[in-house]
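# my questions are about this predicted structure, shown below with the sequence.
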Amino acid sequence: MRLSVIDAERCTGCQICMFACTRRLGFAGTGKTAIHIKSVGGMERGLSVVVCRACQDPPCAKVCPEDALVQRKGGGVILNPSKCTGCGLCREACIVSAIFWDDEAQKPIICVHCGYCAKYCPHGVLALEERREEVPDAAK
Amino acid sequence: MLPSDPLANVLYIDLSKKRSWLERREDLFGKYFGGAGVGIQLLTENCPAGMDPLAPEAPIVLTTGPLDGLFPLASKTVAMFKSPHTGNLGESHAGGRSAVAIRMSGLGAIVITGTNTNPGYLSIEGGKAYFLDATTLWGMTSSVTAGRIIRQNERSAGLRSIMRIGRAGENLVTYADVSTETYRHFGRLGMGHDLGTAENIQPLSALGGLPTRNLQSGRFDSAEAISGEHYAEHYLGRRLACSHCPVACIHIAALREPYQDEAYYYKTTMISYDYEPIYALGSMLGIRNPEQVLSLMDKVEVLGLDAMSSGVCLAWATEAMEKGLVTEQDTGGLQLEFRKVDGYLAGVEAITRRSNEFWRTLGRGVDAAAARYGGADFAMAFGGNEMPGYHTGPAGYLGFMLGARHSHLDNAGYSIDQKELTKGSIPAEQLAQKLMDEERWRQVLSSLSVCFFARGIYTPELTLRALAAAGYSLTAEQLAATADDIYRAKFAFKLANGFDFNKLTIPHRIFETPAVVNGFDEAYMRRAIAFAGDQLASPRAELRQSSTGGQS
């Protein structure tokens, strides 16, 4: 299973997903969120949802010098914080900029595809679903 | 409050000296929560009675509240300032991402004083202020473009909030507004429109409560064409939400217009609409074409004017021209006529440019214009603030006058008219008490700081539970007492700065044009005002304590 953006055009920019993701870890606010909503160059043009796409062969894991990013079944990665030194190379390797940064822990924040945010999305933008066949697999 | 909650951090910014510093104010945030409660205290501290609103020392106070960032619909930033429009207390609420952005920046309040020597913008990040040069942006035709440039220059997309003025603010029109995230506003009173729901246009017109052609009527024959339903069906292009709000009440119309000089060449403009601007720039000016109303709303947005004040001022000016009080000589050749949008498009431009004595005067509000040119009986302002779109009856109008902000949202008098007074009248004193009870409770919401649209959710019981999660342990009685303290602190500021209940003027037009509720006269209104004046000038012990109820 992985988190999918069903239709970003339905997004109103409420950022409730961001609050949910942070709350999942026991915090208020948006400081720990692994999903971000921002405007496409001004609110009038609509919104973009930035979140891990669950690559089957993740570039972020390849560049980690400490092997702190372990491939996740279903795509994406799981961070082993005890191995991570906070070098930030993974962030640069992600071309959709879906690796965020925990300023307190000085470590990356990466979606674990739990689907908690999708439960709170009021407008059907997000869903946890099986990887769809039509998604091209970068590994091939 | 929670131990070491960054909420208690107040960032003081002196633009003149380009200095900023932080102070911990647990004394204020612990007692008054945040928002309006802390805002009025910080304003009172930093703005001594009698200070000129345009003096460099006159502060603008921005506050968020303890529930912002924690609970849904707690999404408001409260601005507290001395209004250049009324010369008295100015309070304005805006959503967008502003409240969450300020709170996540590690701040509960920002107090801004001083003036820039050159046009500048202020960037606040991680609780620190950075002073930046905006010389190149000054005088830019569209405030929307200025916003885009600042977006490109600053970091933290999606987490930040950009507040800006337009040319109206640059030129010191006293009802200039401040925009945040393009479509939300610190409106009214010169800080810079308000909330409302466009679905009210048709029902209010049917009841005789939709101010039309400068309130010469309460019914508009073209109400359907400019109704929320019509806009939703034909123009709605996108809905947007404030941070942490599932409602997404921000309605954006897509207006597609052909260029006249080239075939198959269009521009599409995204224009936010809701009840108040449709009333003020639609029915109040008799404009029947929904696209023309959108064009005028867009123009007002781009100039950075308050939509309600602009519409009411132009409506007065139109009637004043009809009656010969104002001539084309005064207006510099501009003929204003109800229904005709071209005159109004030129009119808002003239107000912004302050092009001659007439337009400079109109740029100070409808009361200033009536004082100079006559026509006070149809100058539709209350407490110096141009009226919102509710010609509902005595409760609505008393609400505008008795509310600390002279806003319909202070006490929802319009709702008392529609829900209660349509069933039968009540004594003036009892009506004043109802309005005051509602306004007192709303101090809690605006201090937390919760959107008034969520008032049905945040009951006193739920509010106490939410507050407990934010580290405030209170009883219902203590909450009611704090609400009263905040309410009274606002009137203490107003009275110290020259507000006088006895000097409130009532334009006679409201008694002449049939409303939703009729049969009220000036004597009734004066009795209610006198009662409220007595209550708000005397210590709390003498006040009949009311419960913290009051929903509408």
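Here it is on my side, so go on. Residues are numbered from 1 along each chain as shown, chains lettered A, B, ... in the order given.
# just read off the phi/psi values of the closest residue to chain B within chain A.
Nearest residue of chain A to chain B: residue A:38, at 3.1 Å (Cβ to the nearest Cβ). All C-beta atoms are positioned from the backbone trio N, CA, C, and that covers glycine. Dihedral pair for residue A:38: phi -140, psi 160, per degrees, to the nearest 10.
# which residues does it contact?
A:47-48, A:50, B:157-158 (Cβ atoms under 8 Å, 6 or more residues apart in numbering or on different chains).
# ok, what's across the strand from it?
Judged by DSSP bridges, the bridge partners of residue A:38 are residue A:48.
# for residue A:46, see how far away it is.
11 Å (Cβ to Cβ, to the nearest Å).
# next one, pLDDT for the residue of chain A closest to chain B please.
pLDDT, residue A:38: 89.
# send the alpha carbons of the lowest-mean-pLDDT helix or strand in chain A over as CSV?
In chain A, the helix or strand scored least confidently by mean pLDDT, DSSP states H and E is strand A:36-39, which has a mean of 92. These are the backbone C-alpha positions of strand A:36-39, laid out as CSV (Å, rounded to 0.1, in the frame of the first residue of the first chain):
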residue,chain,number,x,y,z
HIS,A,36,3.3,19.5,2.4
ILE,A,37,0.7,21.6,0.6
LYS,A,38,1.7,24.7,-1.2
SER,A,39,0.3,26.9,-3.8
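# and that strand, what's buried?
Within strand A:36-39, the residues scored as buried using 16 or more other Cβ atoms under 10 Å in any protein chain shown are A:36-39.
# re earlier: now for the contacts of residue A:38: which two are most distant?
A:47 and B:157 (11.0 Å; Cβ to Cβ).
# need the overlap of contacts for these two.
Common neighbours of residue A:47 and residue B:157 (criterion: Cβ under 8 Å, 6+ apart): A:38-39.
# which one of these two has more residues nearby?
Neighbours around residue A:47 and residue B:157, counted as other Cβ atoms under 10 Å in any protein chain shown, are more numerous at residue A:47. The numbers are 23 against 15.
# so for the more buried one, what's the nearest residue that isn't a sequence neighbour?
Closest residue to residue A:47 apart from its sequence neighbours, by Cβ to Cβ, 6 or more residues apart in numbering or on different chains: residue A:11 at 4.3 Å.
# contacts only, for that neighbour.
Residues counted as contacts of residue A:11 (Cβ under 8 Å, 6+ apart) are A:37, A:46-47, A:49, A:123, A:125.
# make it 7 Å
Shown in contact with residue A:11 (Cβ atoms under 7 Å, 6 or more residues apart in numbering or on different chains): A:37, A:47, A:49, A:123, A:125.
# touching, the third one and residue A:8? I think so.
Read it as residue A:49. Yes. Using Cβ atoms under 7 Å, residue A:49 is in contact with residue A:8, at 5.0 Å.
# looking at these two, which one has more neighbours?
residue A:49 (22 against 15).
# of the contacts of residue A:38, closest to residue B:334?
residue A:47 (40.8 Å).
# mean confidence score for stretch B:379-391?
pLDDT averaged over stretch B:379-391 gives 96.
# name the surrounding residues that touch that stretch.
Here stretch B:379-391 has contacts from B:85-86, B:188-189, B:209-211, B:214-215, B:218, B:275-276, B:279-280, B:308-309, B:312-313, B:316, B:365-367, B:370, B:396-397, B:400-401, B:406-408, B:414, B:504, B:507, B:509, B:513, B:515, using Cβ under 7 Å, 6+ apart.
# can you get me the start-to-end distance on that stretch?
End-to-end distance for stretch B:379-391, by Cα to Cα, to the nearest Å: 14 Å.
# most distant residue from the centre of chain A?
Ranked by distance from the centre of chain A (Cα atoms, centre = their mean), the top residue is residue A:44, with 24.3 Å.
# re the thing from before, of all the buried residues of strand A:36-39, which comes closest to residue B:468?
Distances from residue B:468 to the buried residues of strand A:36-39, taken by Cβ to Cβ, are shortest for residue A:37, at 29.6 Å.
# my read: the closest one touches residue A:47, true?
Yes. Look at residue A:37 against residue A:47 with Cβ under 7 Å: they come within range, at 5.6 Å.
# tell me where chain A has helices.
A:16-23, A:59-63, A:89-93, A:116-120 (DSSP state H).
# of all those, which lies closest to residue B:533?
Among these, helix A:16-23 comes nearest to residue B:533, with 43.8 Å by Cβ to Cβ.
# where does pLDDT dip in the chain?
The chain I'm using is chain A. Along chain A, segments meeting pLDDT under 70 span A:132-140.
# wrong chain, I was asking about chain B
B:141, B:143, B:181-183, B:188-198, B:538-552.
# which parts of chain A sit against chain B?
Counting by Cβ under 7 Å from any Cβ of the partner chain, the residues of chain A close to chain B are A:12-16, A:19, A:28-31, A:36-38, A:42-44, A:46, A:122.
# go again using 10 Å as the cut-off
Contacts of chain A with chain B, taken as Cβ under 10 Å from any Cβ of the partner chain, map to A:9-16, A:18-19, A:22-23, A:27-31, A:33, A:36-39, A:41-48, A:50, A:103, A:120-123.
# which of these are buried? Put it as a PyMOL command.
Remark: buried members of these, expressed as a PyMOL selection using 16+ other Cβ under 10 Å:
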select buried, chain A and resi 10+11+12+13+14+15+16+18+19+22+23+28+29+30+31+33+36+37+38+39+42+43+44+46+47+48+50+120+121+122+123
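# follow-up on the earlier one: what would the contacts of residue A:38 look like in JSON lines with distance to residue B:249?
Below are the contacts of residue A:38 laid out as JSON lines (distance: Cβ to Cβ, whole Å):
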{"residue": "A:47", "distance to residue B:249": "16"}
{"residue": "A:48", "distance to residue B:249": "22"}
{"residue": "A:50", "distance to residue B:249": "25"}
{"residue": "B:157", "distance to residue B:249": "23"}
{"residue": "B:158", "distance to residue B:249": "20"}
